[in-house]
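Asks: Show me the folded form of this:
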Amino acid sequence: MYDDNNKDTTYYKYRVKEKLEENFIDNQERKAVKLVRYIKKYDPAKSYDNIPWTHKDVWNCIKTNTAFEVVEEDVRFTKLIFPVKTDATWNGNAHNTMEEWEYSYKYVDKKESINGTTFENVLFVEQKDDKSKNAIHRQYFIEKHAKNVGLVYREIKDLYSQIITTYPSGLPTPVESRILKGVIYKQTYVTHGIE
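Replies: A predicted model of the protein is given here:
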């Protein structure tokens, strides 16, 4: 995270465990699953194995015949739609009050290595990419899901700059190279299993 007040970058490092803990019926009479999230904050003096998990928050997941929804911090997102097809598009914010974001599948069932683990069937969801629309604000939101595993990669860039510089060609340099404030967040797969 870059803080424009302090003119400094703050780095956070941690592990998140997402655990499907309980089935229930949601307020629309649909089958849902409680997703309890735990966190281990990085400590350079300890290995992650020696840091206890602490409760972070609770999300909910709902899978229907046509979509997969996740309620994150009381905001409902349509993360996936079915059937899964390359170039399919949908409004990921259709069930919340945020502006419309056109999600799309960039590729489906691609073999990919993520953090040293190879997955045979990875699905790439682009939630937002506005790099060509604005020279002072950059938003890039993506997720990758592996078949029979779930979310294996997430990247968020929400960056601002008031300074516009250009390459010799006249094209503006990326906002990433002239950040005044914003967040770059990356979440990547470590392991999965049954407890």
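
Asks: in the sheet, who's paired with residue 20?
Replies: Residue 20 forms beta bridges with residue 35, as assigned by DSSP bridges.

Asks: Bridged to the residue nearest the centre of the chain, which residues?
Replies: Nearest residue to the geometric centre of the chain (Cα atoms, centre = their mean): residue 154, 3.6 Å. Judged by DSSP bridges, the bridge partners of residue 154 are residue 143, residue 187.

Asks: Would you enumerate the residues in contact with it?
Replies: 142-144, 185-188 (Cβ atoms under 8 Å, 6 or more residues apart in numbering). Quick note: C-beta positions are derived from backbone N, CA and C, even for glycine.

Asks: distance of the spatially most distant residue from the centre of the chain from residue 19?
Replies: For the chain, the residue at maximal distance from the C-alpha centroid (Cα atoms, centre = their mean) is residue 168, at 34.3 Å. To residue 19, residue 168 is 52 Å away according to Cβ to Cβ, to the nearest Å.

Asks: what does residue 35 give?
Replies: Shown here: residue 35 relative to residue 19, a distance of 7 Å by Cβ to Cβ.

Asks: higher neighbour count, the two?
Replies: Using other Cβ atoms under 10 Å as the criterion, residue 35 and residue 19 rank with residue 35 on top: 19 against 13.

Asks: Okay, the closest residue to residue 150 other than its chain neighbours and residue 149: tell me how far apart.
Replies: Excluding its sequence neighbours, the residue lying closest to residue 150 (Cβ to Cβ, 6 or more residues apart in numbering) is residue 192, at 7.3 Å. In this view, residue 192 and residue 149 are 5 Å apart by Cβ to Cβ.

Asks: can you check residue 93 too?
Replies: Applying Cβ to Cβ to residue 93 and residue 149 gives a distance of 25 Å.

Asks: What is the most widely separated pair among the contacts of residue 154?
Replies: Taking Cβ to Cβ as the measure, these span a maximum distance of 14.3 Å, between 144 and 185.

Asks: neighbour-wise, which of the two wins?
Replies: More crowded of residue 144 and residue 185, by other Cβ under 10 Å: residue 144, with 21 against 12.

Asks: check contacts around that one.
Replies: 112, 114, 122-125, 151-154.

Asks: Just the buried residues from the residues you listed, in PyMOL please.
Replies: Entered in PyMOL, the line below selects the buried ones among those, by 16 or more other Cβ atoms under 10 Å:
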select buried, resi 112+114+122+123+124+125+151+152+153+154
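
Asks: Ignoring the adjacent residues along the chain, who's closest to residue 55?
Replies: Closest residue to residue 55 apart from its sequence neighbours, by Cβ to Cβ, 6+ apart: residue 38 at 6.0 Å.

Asks: what do you get for residue 127?
Replies: With sequence-adjacent residues excluded and distances taken as Cβ to Cβ, 6+ apart, residue 127 is closest to residue 141, at 3.9 Å.
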